[in-house]
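K.L.:
3D model of this:
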Amino acid sequence: MTTTHAARLLTWYDRHRRTLPWRAPPGGRTSPYLVWLSEIMLQQTTVATVGDYFHRFVNRWPTVEALAAAPLDEVLSAWAGLGYYARARNLHACANAVMAEYAGHFPEDEASLLALPGIGRYTAAAIRAIAFDRPASAVDGNVERVIARLYAIETPLPDAKIEIAARAADLVPPDRPGDYAQAMMDLGATVCTPRNPSCVICPLMAGCLGRAQGIVEQLPQRLPKADKPTRRGLAFVLMRKDGAVLLRKRPAKGLLGGMDEVPSSVWREGELAIADALKEAPVPANWKVLDGGIRHTFTHFHLELAIARAIAATSGLARLAPGTDWVAVDRMTERALPTVMRKVIAHAMQA
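P.N.:
You can find the predicted model right below:
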């Protein structure tokens with residue numbers, strides 16, 4: 001049955017494959033660099049969002065050597081808006097490791113790939129399958145959904161991951177494993193979708209146990225997620241008379257590591273006490289707390305920020321701390337400014 005599934009899927013893929021910026025034309029093979037770059041960008045991010053970022057990265061850094069030679073701040077700035085910024089730091093670290101350890105050539109074996117910064121089992125398998133045409137099983141969220149439905153696996157995720165991975169590995173054909181890996185991704189993204197799957201046009205419909213049992217839309221099941229806590233703080237937008245905003249760089253490690261930010265009070269759970277938060281202002285100033293605020297969601301918590309704005313008395317405040325700098329609003333796109341901070345500055349400018 002596994003051979004039949006693969007054959008049907010590849011026949012479907014040859015007719016319906018998506019055209020993607022990082023995908024080689026039929027019969028071709030994508031370079032390891034482009035496979036790696038696209039897969040890192042696609043983690044926790046949609047194809048529609050990644051396209052423009054991918055084009056800009058490749059135009060600016062067309063090879064792993066060029067990316068490794070780039071300053072980290074420039075990479076972080078180009079990444080700004082994609083979120084999950086540890087990926088950008090690992091991207092740069094991985095490029096440097098590939099240059100130092102493999103003379104700019106990505107290794108083909110799983111163990112060596114897994115030893116590189118930011119590469120996990122899925123990304124290693126995707127590189128091996130798509131770039132090197134090795135029979136590796138790349139299981140992402142789309143593939144998990146396809147396999148859970150195909151075999152009517154009712155064990156909730158994440159407990160079902162081991163069984164799903166084993167089933168997926170059994171399906172990988174010895175011929176065209178790279179095309180097969182991309183076919184599975186396309187099937188999950190365009191046909192076997194989370195809601196309202198198009199079962200009648202699915203190449204695997206005849207052998208789908210989930211459809212036969214009438215439980216396709218219930219799969220995969222998931223254990224309930226714990227509610228995310230909400231943290232609150234007060235962001236301080238200090239402006240110069242010419243409109244420049246004071247930014248500082250966050251510590252290299254941790255949340256939003258190495259990115260730029262406006263100063264803020266500590267983000268704490270519970271209600272925000274404005275009077276106490278104002279005591280954490282970066283400098284004494286006539287701080288005005290603005291109406292409204294912004295809300296942003298991270299992986300493990302929600303963040304609500306009230307916003308205070310003030311005009312700086314002198315330009316010497318730029319030397320408050322290492323990494324602090326005045327940045328004109330029209331130059332913000334050149335900085336490694338995460339989405340949450342873009343929201344803060346936009347709110348301060350509009351209020």
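K.L.:
Going by C-alpha atoms from here, please, whenever you check contacts or count neighbours.
P.N.:
Will do.
K.L.:
got the residue ranges for the helices in the stretch 251-351 of the chain?
P.N.:
274-278, 339-350 (DSSP state H, counting those that start in this stretch).
K.L.:
can you check the chain too?
P.N.:
2-16, 32-42, 47-60, 64-69, 72-79, 86-102, 110-114, 121-126, 141-150, 161-171, 177-190, 209-212, 274-278, 339-350 (DSSP state H).
K.L.:
Make JSON lines from these and add mean pLDDT to it.
P.N.:
JSON lines is the format used below for those (pLDDT from 0 to 100):
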{"stretch": "helix 2-16", "mean pLDDT": "90"}
{"stretch": "helix 32-42", "mean pLDDT": "96"}
{"stretch": "helix 47-60", "mean pLDDT": "94"}
{"stretch": "helix 64-69", "mean pLDDT": "97"}
{"stretch": "helix 72-79", "mean pLDDT": "92"}
{"stretch": "helix 86-102", "mean pLDDT": "96"}
{"stretch": "helix 110-114", "mean pLDDT": "97"}
{"stretch": "helix 121-126", "mean pLDDT": "96"}
{"stretch": "helix 141-150", "mean pLDDT": "96"}
{"stretch": "helix 161-171", "mean pLDDT": "96"}
{"stretch": "helix 177-190", "mean pLDDT": "96"}
{"stretch": "helix 209-212", "mean pLDDT": "96"}
{"stretch": "helix 274-278", "mean pLDDT": "93"}
{"stretch": "helix 339-350", "mean pLDDT": "91"}
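K.L.:
sorry, back to before: wait, which of the helices of the stretch 251-351 of the chain is closest to residue 263?
P.N.:
helix 339-350 (9.8 Å; Cα to Cα).
K.L.:
which other helices and strands contact the closest one?
P.N.:
strand 230-239, strand 288-297, strand 302-311 (3 or more Cα pairs under 8 Å, 6 or more residues apart in numbering; DSSP states H and E).
K.L.:
okay, the ones you listed in CSV with mean pLDDT next?
P.N.:
Shown next, in CSV, are these (pLDDT from 0 to 100):
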stretch, mean pLDDT
strand 230-239, 94
strand 288-297, 93
strand 302-311, 94
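K.L.:
Now tabulate these in CSV and tack on mean neighbour count and distance to residue 258.
P.N.:
Output for the helices and strands packed on helix 339-350, formatted as CSV (neighbours: other Cα atoms under 10 Å; distance: least, Cα to Cα, whole Å):
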stretch, mean neighbour count, distance to residue 258
strand 230-239, 24, 18
strand 288-297, 14, 19
strand 302-311, 20, 19
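K.L.:
and residue 118, what is it in contact with?
P.N.:
87, 90, 91, 94 (Cα atoms under 8 Å, 6 or more residues apart in numbering).
K.L.:
let's see 6 Å
P.N.:
Taking Cα atoms under 6 Å, 6 or more residues apart in numbering, we find residue 118 in contact with residue 90.
K.L.:
pLDDT at it, what is it?
P.N.:
Per-residue pLDDT puts residue 118 at 94.
K.L.:
just to revisit the earlier point, looking at the helices and strands packed on helix 339-350, which is closest to residue 189?
P.N.:
strand 288-297 (24.2 Å).
K.L.:
and the angle for the closest one with strand 302-311?
P.N.:
Interaxial angle, strand 288-297 versus strand 302-311 (axes from the mean of the first three to the mean of the last three Cα atoms, to 10 degrees): 150 degrees.
K.L.:
Check which helices and strands strand 288-297 is in contact with.
P.N.:
strand 302-311 (3 or more Cα pairs under 6 Å, 6 or more residues apart in numbering; DSSP states H and E).
K.L.:
now the strand it packs on, how far from the centre of its chain.
P.N.:
Centre-to-centre, strand 302-311 and its host chain are 26 Å apart (Cα atoms, centre = their mean, to the nearest Å).
K.L.:
for stretch 65-79, same thing?
P.N.:
The answer for stretch 65-79 is 17 Å, by Cα atoms, centre = their mean.
K.L.:
Same question for stretch 258-265.
P.N.:
With Cα atoms, centre = their mean as the basis, the mean position of stretch 258-265 lies at 20 Å from the chain mean.
K.L.:
Please save the CA atoms from it in CSV.
P.N.:
Output in CSV follows, covering the C-alpha atoms of stretch 258-265 (Å, rounded to 0.1, in the frame of the first residue of the first chain):
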residue,chain,number,x,y,z
GLY,A,258,20.1,41.4,19.7
MET,A,259,17.1,43.4,18.3
ASP,A,260,16.4,47.1,18.8
GLU,A,261,13.7,48.4,21.1
VAL,A,262,12.4,51.5,22.8
PRO,A,263,13.1,51.3,26.5
SER,A,264,10.3,49.9,28.7
SER,A,265,9.5,48.9,32.2
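K.L.:
ok, residues contacting that stretch?
P.N.:
Contacts for stretch 258-265 (Cα under 6 Å, 6+ apart): 233-236, 247-252, 277, 280, 336-337, 341.
K.L.:
now do 8 Å
P.N.:
73, 76, 233-237, 246-252, 277-278, 280-282, 335-338, 341.
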